[in-house]
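Engineer: I need the structure of the sequence given here:
(2 chains)
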There are 2 protein chains.
Amino acid sequence: MLNLNEIKKARTRIDSYIHNSPVLTNSTLNKITEAELYFKCENFQKSGSFKIRGAVNAVLQLMPDELNSGIVTASSGNHGAALSMIASKLGLQIKVVMPKNTSKIKIDNVKRNGGEIVWCDSNQKSRDKILNKLIKKTKSTLIHPYNNKNIIAGQGTVALELMEKYTNLDCVISPISGGGLLSGTICSIDGMNTKTNVYGAEPAEADDAYRSILSGKIEINDTTNTICDGLRAQLGSITFPIIKKGVKNIFTLDENEIKYSMRLIWETMKIIVEPSCSIVLAAVLKNKKIFKGKKVGLILSGGNVDLDDLPW
Amino acid sequence: MLNLNEIKKARTRIDSYIHNSPVLTNSTLNKITEAELYFKCENFQKSGSFKIRGAVNAVLQLMPDELNSGIVTASSGNHGAALSMIASKLGLQIKVVMPKNTSKIKIDNVKRNGGEIVWCDSNQKSRDKILNKLIKKTKSTLIHPYNNKNIIAGQGTVALELMEKYTNLDCVISPISGGGLLSGTICSIDGMNTKTNVYGAEPAEADDAYRSILSGKIEINDTTNTICDGLRAQLGSITFPIIKKGVKNIFTLDENEIKYSMRLIWETMKIIVEPSCSIVLAAVLKNKKIFKGKKVGLILSGGNVDLDDLPW
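Structural biologist: From the prediction side, this is the model:
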């Protein structure tokens, strides 16, 4: 478990590179859920998602020789785009290994931010192979999307900002993929001495975190047939123990529930969010009894949606 | 011309019924336009558009016998929805005359807010005939969507809020349809003793305002083949003289320019806006020389978009 102080230090470090994103409320959604919802809007964040927080926090702590050799990562998109943004800003070489089936907007997002894309097949094995070859060849430094303490500390600043603004939340719900955002959220809130519960939400089609908590060891996804292209990764050796210790529960949601929640947010809040984060609202809608009358923080982690490929 | 004091009184009157909507900025759009843009986000307004401001201001000034007989309006959607919302809140009868080809979301928006829809054909003649019959039969009071001083005063509160937050704007651009929002904006800014110029933006396919300013009399649209379903109305006898006196210029935009601006706002700002208001950004993009280096207020008037019928 990282302590709150490390997350506060991360916040100071990344402060001038990120937005303190707004927290929105919506009376229609409060009425529907019979809860008080506080949406932390990282879809408005620089690079279009919360990933810039961890990326900046990690890059700013590299040694001079590491900076010189450039950096590399494997990412389905948002981490790659964020890392490209900060690397370009600092004048660093940046290569991003991405599966060929990544959505167009996420590819463009990496390119626009100055990242060089290296393609791999859409499976962990191909990704690892190409990544390792690249590191060996270029001596560049890997910035892992989530299994990295500096990344986790950076992502923890989302909950820090949210809880500083709304000190009395009963619970916070974060999407879960590799677990960087959720474990950062847990570490942040754990250090605050509140009674705030932290929940995770993931697609039933990529429910490795749910099964890992049940079995007590890291489970893998054989398939990831979900529209949540940001939630297809596996838990990591650093994120899993934190989540295991600190998460109150993990909710799994089916594809229709996720699509419905995405459209509901678009229609009522008039903001663009990815299905990978509307899933937190789906968790509230599906578990109304748990959240009824509660003050609930929901992390809307990103807004990089391909407008030519909407799920309705 | 209404004076600023009337608009300030309207603001006090409607204060508890509306949001003071946020003003957003976006560094990518500033870079593209080489200007400083300040977006007044009425897409986040109650009922999904600025129309609630005028509607509340008008209804709250009705006499007791008028309230008893109920109210009626003709509206392509946003005014009808807004009027339905305030009427329902106050327990009044409300009937809305709407063309049969109105988009589904705008129809649902009226129904959800408690309005009773009376259908007409998609032309001014049919609309007027059905409206007049209804008024005669029910003795209800007509709340015109724009040709009404109390409506104009209400809409003027948008610019009032914007200019109170950003006192030194070089110019403000408003969409123009019947002219309620634009004339309210002109009245508001005229009373402030600033050097702020007010511009209008309208579709080339419904350019009655542009032609009316040229000819000096109210021109009509023979056709209105535009995706801007909120910008198809004709200027009114009250709005036209104000606009004629106070508008610096009216820009006309073609359909592709409007669609492009809509998508650009969705992608960069991650907010949902109607083409009927993204048109103000299209005006800046098309007239870069005029706005270069300037502080520009843009009124994003609404966010009621049919997600099943996007223009790309």
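Engineer: can we go C-alpha only for contacts and neighbour counts from here?
Structural biologist: Will do.
Engineer: And for the residue in chain A positioned nearest to chain B, the neighbour number?
Structural biologist: For chain A, the residue closest to chain B is A:I271, as judged by Cα to the nearest Cα, at 4.3 Å. Around A:I271 there are 23 other residues, counting by other Cα atoms under 10 Å in any protein chain shown.
Engineer: Could you pull up the contacting residues of it?
Structural biologist: If you count contacts by Cα atoms under 8 Å, 6 or more residues apart in numbering or on different chains, A:I271 has them with A:I265, B:K270, B:I271, B:I272.
Engineer: Mind checking which of those are in helices?
Structural biologist: A:I265 (DSSP state H).
Engineer: got a winner among the contacts of A:I271 for most neighbours?
Structural biologist: When neighbours are counted by other Cα under 10 Å, B:I272 leads the contacts of A:I271 with 27 neighbours.
Engineer: can you tell me which residues contact that one?
Structural biologist: So B:I272 contacts A:W266, A:K270, A:I271, A:I272, B:N43, B:I265, B:W266, B:G303, B:V305 (Cα under 8 Å, 6+ apart).
Engineer: can you tell me which residues contact A:T25?
Structural biologist: Contacts of A:T25 by Cα under 8 Å, 6+ apart are A:L37, A:Y38, A:F39.
Engineer: Drop the exposed ones from the residues you listed and show what's left.
Structural biologist: With burial judged by 16 or more other Cα atoms under 10 Å in any protein chain shown, the buried subset of the contacts of A:T25 is A:L37, A:Y38, A:F39.
Engineer: Out of these, the closest to B:W312 would be?
Structural biologist: A:F39 (28.7 Å; Cα to Cα).
Engineer: which helices and strands does whichever helix or strand that closest one is part of pack with?
Structural biologist: Using DSSP states H and E, A:F39 sits in strand A:36-41. Judged by 3 or more Cα pairs under 8 Å, 6 or more residues apart in numbering or on different chains; DSSP states H and E, strand A:36-41 is in contact with strand A:23-24, helix A:27-33, strand A:295-300.
Engineer: tell me what the helix or strand where A:C187 lies is packed against?
Structural biologist: Assessed by DSSP H and E, A:C187 sits inside helix A:180-190. Judged by 3+ Cα pairs under 8 Å, 6+ apart, helix A:180-190 is in contact with helix A:4-14, helix A:149-165, strand A:171-175, strand A:197-203, helix A:239-246.
Engineer: before we move on, back to that, pull the strand holding A:F39 out as PDB, backbone CA atoms only.
Structural biologist: Taking C-alpha atoms only, strand A:36-41 is exported to PDB below (Å, rounded to 0.1, in the frame of the first residue of the first chain):
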ATOM      1  CA  GLU A  36     -26.200  11.500  -4.500                       C
ATOM      2  CA  LEU A  37     -23.700  11.100  -7.300                       C
ATOM      3  CA  TYR A  38     -20.500  13.000  -7.700                       C
ATOM      4  CA  PHE A  39     -18.900  12.500 -11.100                       C
ATOM      5  CA  LYS A  40     -15.100  13.200 -11.200                       C
ATOM      6  CA  CYS A  41     -14.700  14.100 -14.900                       C
END
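Engineer: Would you pull up how far that strand lies from the middle of the chain?
Structural biologist: When C-alpha coordinates are averaged (Cα atoms, centre = their mean, to the nearest Å), strand A:36-41 and its chain have centres 16 Å apart.
Engineer: what's the following helix or strand after that strand?
Structural biologist: Counting by DSSP H and E, the next helix or strand C-terminal to strand A:36-41 is helix A:51-59.
Engineer: Show me the contact partners of that following helix.
Structural biologist: Applying Cα under 8 Å, 6+ apart, the set of residues contacting helix A:51-59 from outside is A:10, A:13-14, A:17-18, A:45-46, A:78-79, A:82-83, A:85-87, A:143, A:150-155, A:157.
Engineer: do the same with stretch A:33-43
Structural biologist: Contacts of stretch A:33-43 (Cα under 8 Å, 6+ apart): A:21-26, A:29-30, A:48-50, A:158, A:162, A:272-273, A:284-285, A:288, A:291-304, B:270.
Engineer: Pull out the buried members of those residues.
Structural biologist: For the contacts of stretch A:33-43, buried by 16+ other Cα under 10 Å: A:21-23, A:29-30, A:48-50, A:158, A:162, A:272-273, A:284-285, A:291, A:294-304, B:270.
Engineer: coming back round to it: can you convert the helices and strands packed on strand A:36-41 into JSON lines and add a column each for mean pLDDT and distance to B:V56?
Structural biologist: Formatted as JSON lines, those follow (pLDDT from 0 to 100; distance: least, Cα to Cα, whole Å):
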{"stretch": "strand A:23-24", "mean pLDDT": "97", "distance to B:V56": "24"}
{"stretch": "helix A:27-33", "mean pLDDT": "97", "distance to B:V56": "19"}
{"stretch": "strand A:295-300", "mean pLDDT": "98", "distance to B:V56": "31"}
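Engineer: out of those, nearest to B:T239?
Structural biologist: Evaluated over these, closeness to B:T239 peaks at helix A:27-33, with 33.7 Å, by Cα to Cα.
Engineer: For that closest one, which residues meet the burial criterion?
Structural biologist: For helix A:27-33, burial by neighbour count (16+ other Cα under 10 Å) applies to A:L29, A:N30, A:T33.
Engineer: one step back: could you dump the helices and strands packed on helix A:180-190 into JSON lines and include distance to B:I279?
Structural biologist: Compiled in JSON lines, these are given as follows (distance: least, Cα to Cα, whole Å):
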{"stretch": "helix A:4-14", "distance to B:I279": "36"}
{"stretch": "helix A:149-165", "distance to B:I279": "34"}
{"stretch": "strand A:171-175", "distance to B:I279": "35"}
{"stretch": "strand A:197-203", "distance to B:I279": "38"}
{"stretch": "helix A:239-246", "distance to B:I279": "46"}
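Engineer: Ok, which of the ones you listed comes nearest B:S188?
Structural biologist: Of those, nearest to B:S188 by Cα to Cα is helix A:149-165, at 34.1 Å.
Engineer: which outside residues touch the closest one?
Structural biologist: A:2, A:6-8, A:10-11, A:14, A:20, A:23, A:40, A:50-51, A:53-58, A:144-146, A:169, A:180-181, A:183-189, A:238, A:297, A:299.
Engineer: For A:M98, which residues are in contact?
Structural biologist: Contacts of A:M98 by Cα under 8 Å, 6+ apart are A:A74, A:S75, A:S76, A:G77, A:I117, A:V118, A:W119, A:C120, A:R127.
Engineer: what about it, which SS state?
Structural biologist: strand (DSSP: H, G, I helix; E, B strand; the rest coil).
Engineer: Excluding residues flanking it in the chain, which one is nearest it?
Structural biologist: A:W119 (5.2 Å; Cα to Cα, 6 or more residues apart in numbering or on different chains).
Engineer: pretty sure the one you found contacts A:V97?
Structural biologist: Yes: assessed by Cα atoms under 8 Å, A:W119 is found in contact with A:V97 at 5.6 Å.
Engineer: Of the two, which one has the most company?
Structural biologist: A:V97 (24 against 18).
Engineer: From A:K133, how far out is that one?
Structural biologist: A:V97 is 11 Å from A:K133, where distance means Cα to Cα, to the nearest Å.
Engineer: same deal with A:R127?
Structural biologist: Noted for A:R127: a distance of 10 Å to A:K133, by Cα to Cα.
Engineer: So for those two, which sits in the more crowded spot?
Structural biologist: A:R127 (19 against 11).
Engineer: I figured the more buried one hits A:P99, correct?
Structural biologist: Yes: A:R127 lies in contact with A:P99 (Cα under 8 Å); the separation is 7.4 Å.
Engineer: Once you drop chain neighbours, what's closest to A:V172?
Structural biologist: According to Cα to Cα, 6+ apart, the nearest residue to A:V172 is A:G297 (4.4 Å).
Engineer: Residues in a beta bridge with that neighbour, which ones?
Structural biologist: Beta-bridge partners for A:G297, by DSSP bridges, are A:Y38, A:V172.
Engineer: quick one, what contacts it?
Structural biologist: A:L37, A:Y38, A:F39, A:K40, A:L162, A:L169, A:C171, A:V172, A:I173.
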